[in-house]
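Colleague: kindly generate the corresponding structure for this input.
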Amino acid sequence: MATYPKVSLAAVLKEYDQPLVLEELVVPPLEPGAVLMKVECATVCGTDVHIQRGRLPGAQIPLIAGHESVGTVIAMSGRDRDANDQPISAGDRIVFSYPWCGSCYWCTIAGQPTLCEATRMYGWGPMTESPHLTGTFSELVYVRPECNILRVPEELDPAVVASTTCALRTIMHGFERLTQTGPVLPTDTVAIMGSGAVGLYATAVARRSGAAKVILLGAPQDRLEIGSSWGADQVVDITATSAEERRDIVMCLTNGRGADIVLDCAGPVAAFEEAMELTRRGGRVVEIGIGTTDPGTISPYYLNIKMISVTGSVSGAIRHYHRALGFVRSNTGTFDFGLLNTRGFALSDINLALAGVESQEYLKPYIEPSRR
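Modeller: I've put the predicted structure just below:
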C-alpha cells in the first residue's frame, strides 16, 4: 500500500483582492467515507475571480481556491463504489459533487439538494476548518464523506472533464428545470445569453435537444466563433449592438414573436432584464448565470400579460454530473470541447490564469499541479 501523503501544496487566498499564495498544508487523516484525491486537472471559473475580488459574500477567507477538478483516488476510507454503483479503488479517476448534507428538508423532502443550507462548497473556505484541503487549486483534495463521487472514463480529456464539473453540470440542471415546464420542441427557437463556458455548453445542449434554431448572444468574437462551430445558427456580438438592436435581431429571426426559450447564462442583472424582452408571449426563461445580489427591475407585466414562465437553477446534484459526463462522452465527435481549454498552467502560475480569465484572454484555462 502506498504511503499516505503528509503534505499538499495549495493556492491560498488570504486577503481579498490580493494574489493567491502557495502554502504547504498538512494532509488530515481520512474520516469514514472520505476520499483523498490527487488533482490531475483543475479548471478556472469566473466564480474563482469573483471570490478573489471579494464580490461573493458567501466566501470565507483564508481559503484554498478552485472548485472544478478531476483527479485520481489516493486513499479511501469505507467507500468502494461510486454514485453509479461502479467499483472504485485507488488509482481510479473521479469527479465529486458538493457535500450536500443529505438529511435536511431540501435534500430529502424537497428533493432539491443544491439548496441545502448545510453544504460547505469547495473553493469557498474557510480552510481554518477541518479537513482544510477543500479547494481544487491544490495537489491534493479531501473529498468529504457527504460528497458523491463518479468514476470517469479514462479516454476523456481531463481538462474537458474538469470543466463539466461546474459549467456543464449547471446546464444539465438548467435544462432539467426547463423541461419540468415542457420539452424543447423541434419548432423552438432557443436564445442563449452569455458566451462563457456555461453559455457555450448551453448552445451544444440546445442543439442536441432538437431546437429548430439556436441564437447565441455574447462576446468576445472568438467565443462566438466557438458557439457557431457548436451549432449556433446566429451569433450576436453584444459589444457591437445595443439592447434594442439585439431585440430587433431576435424578433427578425422569430417572425416578430421572440424566442420560445431564453437561457440567461450571463452574470449581470441587466441580462435577465433583457431576457424578458427577448422572450415571446407565453415563452420560457431559465435564469442560470446571475452571480450577484444586486437588485433589478422586472415588471409583473411579463408574468401576467405576456405569460412568460421563469425558473431558476443553481449548481448541480450528482445526477447532473453524471449527465454532463455522458453528454461529453456521447458528443466528443460532434463538438470540439477542447476549444474551451485555452491554456494550461502550473499551480505556481495560478495568478496568471486568474488574471487571464478576468481579462477574457482565456476562456477556461486549466491547472495541472504536477506541471513544473
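
Colleague: how near is residue 37 to residue 96?
Modeller: Separation of residue 37 from residue 96 (C-beta to C-beta, to the nearest Å) stands at 7 Å. To be clear about C-beta, it is placed using only N, CA and C from the backbone, and glycine gets the same treatment.

Colleague: tell me which of these two has more neighbours.
Modeller: Between residue 37 and residue 96, counted using other C-beta atoms under 10 Å, residue 37 has the larger neighbour count: 28 against 25.

Colleague: the nearest residue to residue 29 once chain neighbours are set aside - how many residues pack around it?
Modeller: Nearest residue to residue 29 in three dimensions, chain neighbours excluded: residue 4, at 7.9 Å (C-beta to C-beta, 6 or more residues apart in numbering). Residue 4: 11 surrounding residues under other C-beta under 10 Å.

Colleague: wouldn't residue 4 be in contact with residue 75 here?
Modeller: Yes: using C-beta atoms under 8 Å, residue 4 is in contact with residue 75, at 6.0 Å.

Colleague: what touches both of those two?
Modeller: Overlap of the contact sets of residue 4 and residue 75 (by C-beta atoms under 8 Å, 6 or more residues apart in numbering) consists of residue 36.

Colleague: need the residues touching each of residue 37 and residue 96.
Modeller: residue 143.

Colleague: which elements pack onto the longest helix anywhere in the chain?
Modeller: Longest helix in the chain by number of residues (criterion: DSSP state H): helix 318-331. On a contact count with 3 or more C-beta pairs under 8 Å, 6 or more residues apart in numbering; DSSP states H and E, helix 318-331 meets strand 149-151, helix 158-163, helix 169-179, helix 197-208.

Colleague: next, the angle helix 197-208 makes with it.
Modeller: Comparing the axes of helix 318-331 and helix 197-208 via axes from the mean of the first three to the mean of the last three C-alpha atoms, to 10 degrees yields an angle of 60 degrees.

Colleague: got the contact list for helix 318-331?
Modeller: By C-beta under 8 Å, 6+ apart, helix 318-331 touches 83-84, 95, 97, 148, 150, 152-153, 156, 160-161, 164-165, 168-173, 176, 204-205, 208, 316, 337.

Colleague: circling back: dump the residue contacts of the residue nearest to residue 29.
Modeller: Residue 4 sits in contact with 27, 29, 36, 74, 75, where contact means C-beta under 8 Å, 6+ apart.

Colleague: adding distance to residue 90 and pLDDT, write the residues you listed out as CSV.
Modeller: As requested, the contacts of residue 4 are exported to CSV (distance: C-beta to C-beta, whole Å; pLDDT from 0 to 100):
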residue, distance to residue 90, pLDDT
27, 15, 97
29, 16, 96
36, 9, 98
74, 7, 97
75, 7, 97
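
Colleague: drop anything exposed from those residues.
Modeller: For the contacts of residue 4, a neighbour count by 16 or more other C-beta atoms under 10 Å gives the buried set as 27, 36, 74, 75.

Colleague: from these, pick the one nearest residue 354.
Modeller: Closest approach to residue 354 among these (C-beta to C-beta): residue 27, at 24.7 Å.

Colleague: mind listing what residue 239 touches?
Modeller: Here residue 239 is in contact with 219, 220 (C-beta under 8 Å, 6+ apart).

Colleague: before we move on, the earlier item: okay if I get the helices and strands packed on helix 318-331 as a markdown table plus mean neighbour count?
Modeller: What follows is these, written out as a markdown table (neighbours: other C-beta atoms under 10 Å):
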| stretch | mean neighbour count |
| --- | --- |
| strand 149-151 | 22 |
| helix 158-163 | 26 |
| helix 169-179 | 23 |
| helix 197-208 | 27 |
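
Colleague: would a markdown table of those with mean pLDDT and distance to residue 128 be doable?
Modeller: A markdown table is the format used below for the helices and strands packed on helix 318-331 (pLDDT from 0 to 100; distance: least, C-beta to C-beta, whole Å):
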| stretch | mean pLDDT | distance to residue 128 |
| --- | --- | --- |
| strand 149-151 | 98 | 25 |
| helix 158-163 | 97 | 26 |
| helix 169-179 | 97 | 28 |
| helix 197-208 | 98 | 31 |
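
Colleague: CA atoms of stretch 119-130 as CSV?
Modeller: What follows is stretch 119-130, C-alpha atoms only, in CSV (Å, rounded to 0.1, in the frame of the first residue of the first chain):
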residue,chain,number,x,y,z
THR,A,119,-23.4,22.4,2.4
ARG,A,120,-19.7,23.6,2.5
MET,A,121,-18.8,24.3,-1.1
TYR,A,122,-15.3,23.7,-2.3
GLY,A,123,-13.2,26.8,-3.0
TRP,A,124,-15.3,29.0,-0.7
GLY,A,125,-13.5,28.4,2.6
PRO,A,126,-12.6,28.7,5.3
MET,A,127,-9.6,26.5,5.3
THR,A,128,-9.3,27.0,9.0
GLU,A,129,-12.0,24.4,9.5
SER,A,130,-11.2,20.7,9.2
